[in-house]
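Chemist: give me the fold of what follows.
(chains A, B, C and D)
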There are 2 protein chains.
Amino acid sequence: MQILEWLKEPEKHFPPHETLKHFNDGVCVTYIQEKSGLSQSTISTYLTNMEKCDLLISTRHGKWSYLKRNEKMIKAFADFIT
Amino acid sequence: MQILEWLKEPEKHFPPHETLKHFNDGVCVTYIQEKSGLSQSTISTYLTNMEKCDLLISTRHGKWSYLKRNEKMIKAFADFIT
DNA sequence: CAAATATATCGACAATTCTCGATATATGGA
DNA sequence: TCCATATATCGAGAATTGTCGATATATTTG
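Modeler: Okay, here's the model as predicted:
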């Protein structure tokens, strides 16, 4: 939930990326890990699972993975519960 | 989730109540328990917790407690995640 | 008020999830 | 090709949640 919330507005919660100059594909794993305070392995597992659930979309740029919200799935879930 | 889904359309998932002739206040604990296949204590705990979370609204009529969805809270949650 | 029925609470064990460190894999650069 | 950095996977123990039976409380009815 917290991660999904952060990713609503990446520019408000994360520093700018050094190579990419935008958040079009979301935020890299390292930034999310640092902000969460959890270990690298824990966050990696979270993000992988969330991607498997289609809550997040992952895009690789070189050695970095960027994560963004999958608004389509999130909307579908919101619609389902209401 | 399952309970919340059933309570979207009580008439589709539960038999009519014997005293009350409507589902205006939702469904009684016993019916939910029977449909779930879980024990009475488990379901009672679930429903109590869900009420504490404001996901459900509980109304007592005599010796029966009726549970219905709290659409306001559910909507607020749906809005929050989207 | 006693009995019957509906629901709630308690204590305990089982099952699942959380979280980590260690280690493996992937990628770009010297 | 070797190293440094980024991310993924594994195995294990801690923490939380799921679930139950037993029992307590509430409510109606005889």
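Chemist: what about the helix or strand harbouring A:I57, near chain B?
Modeler: Taking DSSP states H and E as the definition, A:I57 sits inside strand A:56-61. No: using C-beta under 8 Å from any C-beta of the partner chain, strand A:56-61 stays clear of chain B, coming no nearer than 12.9 Å. C-beta: built from backbone N, CA, C; applies to glycine.
Chemist: mind checking the SS state of the residue most central in space within chain A?
Modeler: The centroid of chain A falls nearest to A:L67 when counting by C-alpha atoms, centre = their mean (3.6 Å). Of the three states, A:L67 takes strand under DSSP: H, G, I helix; E, B strand; the rest coil.
Chemist: identify the residues contacting it.
Modeler: By C-beta atoms under 8 Å, 6 or more residues apart in numbering or on different chains, the residues touching A:L67 are A:L7, A:G26, A:V27, A:C28, A:V29, A:I32, A:L47, A:M50, A:E51, A:L56, A:I57, A:S58.
Chemist: same thing with A:L56?
Modeler: Contacts of A:L56 (C-beta under 8 Å, 6+ apart): A:L7, A:G26, A:L47, A:M50, A:L67, A:K68, A:R69, A:N70.
Chemist: out of those, who has the most neighbours?
Modeler: Neighbour counts for the contacts of A:L56 (other C-beta atoms under 10 Å in any protein chain shown) peak at A:L67, which has 25 neighbours.
Chemist: how about the closest residue to it other than its chain neighbours, phi and psi?
Modeler: Among residues not flanking A:L67 along the chain, A:G26 sits closest, at 4.5 Å (C-beta to C-beta, 6 or more residues apart in numbering or on different chains). Per-residue torsions, A:G26: phi 100, psi -150 (degrees, to the nearest 10).
Chemist: with A:L55 instead?
Modeler: Taking degrees, to the nearest 10 as the convention, A:L55 sits at phi -80, psi -30.
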